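*Asks:* pasting the sequence and the predicted model now:
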Amino acid sequence: MAEGSKASSKVALDPTDLYDTRSMLSDDERMVQDSVARFTDERVLPIIGPCFDEGRFPAELIPEIAELGLLGSSLPTEYGCAGLNAVSYGLICQELERGDSGIRSFVSVQSSLCMYPIYAFGSEEQRQRFLPGMAKGEIIGCFGLTEPHGGSDPGSMKTHAKRDGDDWIINGAKMWITNGGLAHVAIVWAMTEDGIQGFLVERGMKGFVTKDIHRKMSLRASVTSELYFDDVRVPDANRLPNVRGLKGPLSCLTQARYGITWGPIGAAIACYTEVLENTKTRMLFGKPLAATQTVQRRLAEMARRITTAQLLSMQLGRLKDAGTMQPSQVSLAKWNNCRMAIDIARDARDLLGGAGITTEYCPIRHQLNLESVITYEGTETVHELVIGREVTGLNAF
Amino acid sequence: MKILVALKRVVDYQVRVQVKPDGSGVAIDGVKMSINPFDEIALEEALRIRDAGKAEEVIAVTIGPQQAMQQLDSGLAMGANRGILVKTDKAIQPLTAARVLAQLVEKEQPGLVLLGKQAIDDDCNQTPQMLAALLDRPQATFASKVEIDGQSATVTREVDAGLETLSVDLPAVISTDLRLNTPRFIKLPDIMKAKSKPREVIELDSLGVESGDHLSYTRYEPPAQRQKGEMVADVPALVAALQAKGLI
């Protein structure tokens, strides 16, 4: 009882922010977080359970997402974007994924995997042609890198592009492509005589078809597709002129992956908040479930791991804004934070008992989503090996 | 026409408020602070009136510490044209707030003052009425609908018996109720754009306003914990239990 009475003699900490990471944010960053949090609370949470059940991406939210400025939020205002910093982008991802990984994935792909390469590697003409429309959500993009044989070894891709006069002829297939079926333009990475290059393949180009992947048990409120290229003729004006080789797609992935370190914090907070409330009020054996040592240890573990993840992503964001962030640092946070979130989602599901198996509660939905999040943008193993290589200097891939 | 909107910095409505252990007040360190929701509705209404072409400028005013600039920033990002922070580290009371606002009204000459019917921290529900009295101008409180027609405003009020509609001559003070509108989301690009909007900081002490802080707060306490109930089998047992407690 001594501990109990001591606890009530001070102001309790915010259980979802034990280290007060919010105090590390600027006023602008707080405003960004609050605005996106409200969007998630009012627009995403009321519909996301049924969307997941039905396997439907809520495309009706796209205009609002765009109007809020969530698409390409880090790119300059001259292209119709918000011009925010990296920490703000992270907070956007976190708050959206508190709703659902599928919504966050939509924004990650559009922003980091499509708008970013057009901005970073495209010609000025390409930027002007695509970025303002993409910021408005009128042009949706997808990112074609992974192929059916697997995503961890993109260097041995089979999709290729052959020069033919002023055009290129692309053949091949891409797999597990978020937003594929929605996309008006696909950023397709293909092998050429000069190494890997990026192409803007537009919907309607002859020989380019997309096919949505069904029977998913994860990211059900998100569109995942296959892309097929059968002698697709693409003008050279649609080639990204300013990058060659694997560093093109990999640098996009570093951008997106940075955001993904933040996203699962949101998913974990959603699960943890729900299970905290549930176990504090659910009475078993004459006392709240949360009054037992076994349950408290599990809740404390969740709090510890969320706090760790928050601090990792915050520092990563500050490094990114300082321009010194290294890809291996992103790997560490992606690995840690996805593992943190999926473990919390699974344990939250378990603590809810039978109720946890329905999508009336969020943990099983987040758990299933996180099976994708821990796999895409570099599997957990790949990121472990990146850190292994960083600390040993030896490549074990 | 100008519209003056008052915004108060308060503990966010989603925060579970905690009383400081020494009972001297409510804990606000590290606590999420926001614009008082009723004031946010007032600002939204002002922006709609302006955007409908019935006003030229919306001025957001807040009275509070330097940190209240955060709420002014939010107001500017929502769309207010400029902001005024009347700076003070003291927690002022409604009469002082009304006197400060009255001075700003004298200076700015707005055609309309819009503010929330009450703040969710102290729930006073006094500032708008006091302001109207100090200005000797009409007031319409608890507005659920506001229509500006030239030199007057038609305001629907939520009263105990239902809805009451009245017409007030402008300039007037209107206090806003919950169902007037739903405030817009702050768009992220507007956060950056709002940086260039004018912000004026006035020290409260420099205004020479007579303090109206006549109440002293002695102690804060959290509401008593609800006692665990007990189940009774039937009505006779209920009656017996109530009698045993001396309640009937």
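*Replies:* Received the coordinates, thanks.
*Asks:* nearest to chain A: which residue in chain B?
*Replies:* Residue nearest to chain A within chain B (CB to the nearest CB): residue B:188, separated by 3.3 Å. Backbone N, C-alpha and C define where each C-beta goes, glycine included.
*Asks:* for that residue, give me its contacts.
*Replies:* A:32, A:35, A:68-70, A:73, A:82, A:84, A:88, A:92 (CB atoms under 8 Å, 6 or more residues apart in numbering or on different chains).
*Asks:* go with 7 Å
*Replies:* When contacts are counted by CB atoms under 7 Å, 6 or more residues apart in numbering or on different chains, residue B:188 touches A:32, A:35, A:68-70, A:73, A:82, A:84.
*Asks:* separation between it and residue A:65?
*Replies:* Counting by CB to CB, to the nearest Å, the separation of residue B:188 from residue A:65 is 11 Å.
*Asks:* do a quick rundown of the strands in chain B.
*Replies:* Per DSSP state E, chain B carries strands over the ranges B:2-6, B:9-11, B:33-35, B:57-64, B:82-87, B:112-116, B:139-149, B:152-159, B:162-169, B:172-176, B:199-203.
*Asks:* quick one on the thing from earlier: and the closest residue to the residue of chain B closest to chain A other than its chain neighbours, how many neighbours does it have?
*Replies:* Ranked by CB to CB, 6 or more residues apart in numbering or on different chains and with sequence neighbours excluded, the top spatial neighbour of residue B:188 is residue A:69, at 3.3 Å. Residue A:69 is surrounded by 28 other residues when neighbours are defined as other CB atoms under 10 Å in any protein chain shown.
*Asks:* what's the answer for the one 5 residues further on, then?
*Replies:* Using other CB under 10 Å, residue A:74 is surrounded by 23 other residues.
*Asks:* what separation do you get for it and chain B?
*Replies:* 11 Å (CB to the nearest CB, to the nearest Å).
*Asks:* residue A:29 touches residue A:88, doesn't it?
*Replies:* Yes - using CB atoms under 7 Å, residue A:29 is in contact with residue A:88, at 5.4 Å.
*Asks:* how far away is residue B:57 from residue B:1?
*Replies:* 8 Å.
*Asks:* neighbouring contacts of the helix or strand that contains residue A:87?
*Replies:* Using DSSP states H and E, residue A:87 maps to helix A:86-99. Residues from elsewhere that reach helix A:86-99, judged by CB under 7 Å, 6+ apart: A:29, A:32-33, A:36-37, A:40, A:44-45, A:48, A:70, A:73-74, A:103-104, A:107-108, A:258-260, A:262-267, A:269-270, A:313, A:317-318, A:320-321.
*Asks:* same question, stretch A:140-156
*Replies:* Here stretch A:140-156 has contacts from A:109-110, A:113-114, A:134, A:157-159, A:173-180, A:182-189, A:227, A:246, A:249, A:252, A:379, A:382, using CB under 7 Å, 6+ apart.
*Asks:* output that stretch as CSV, nothing but the C-alphas.
*Replies:* Extracted C-alpha coordinates of stretch A:140-156, given in CSV (Å, rounded to 0.1, in the frame of the first residue of the first chain):
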residue,chain,number,x,y,z
ILE,A,140,-2.2,8.9,-57.3
GLY,A,141,1.2,7.2,-57.5
CYS,A,142,2.6,3.8,-56.8
PHE,A,143,6.1,2.5,-56.5
GLY,A,144,7.2,-0.6,-58.5
LEU,A,145,10.4,-2.1,-57.2
THR,A,146,9.6,-5.5,-55.6
GLU,A,147,9.2,-8.4,-58.0
PRO,A,148,7.5,-11.8,-57.5
HIS,A,149,10.7,-13.6,-56.5
GLY,A,150,11.1,-11.4,-53.4
GLY,A,151,11.9,-7.8,-52.4
SER,A,152,15.1,-8.2,-50.4
ASP,A,153,17.4,-8.4,-53.4
PRO,A,154,16.2,-5.7,-55.8
GLY,A,155,19.6,-5.6,-57.6
SER,A,156,18.7,-8.8,-59.4
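*Asks:* sweet, I'm off.
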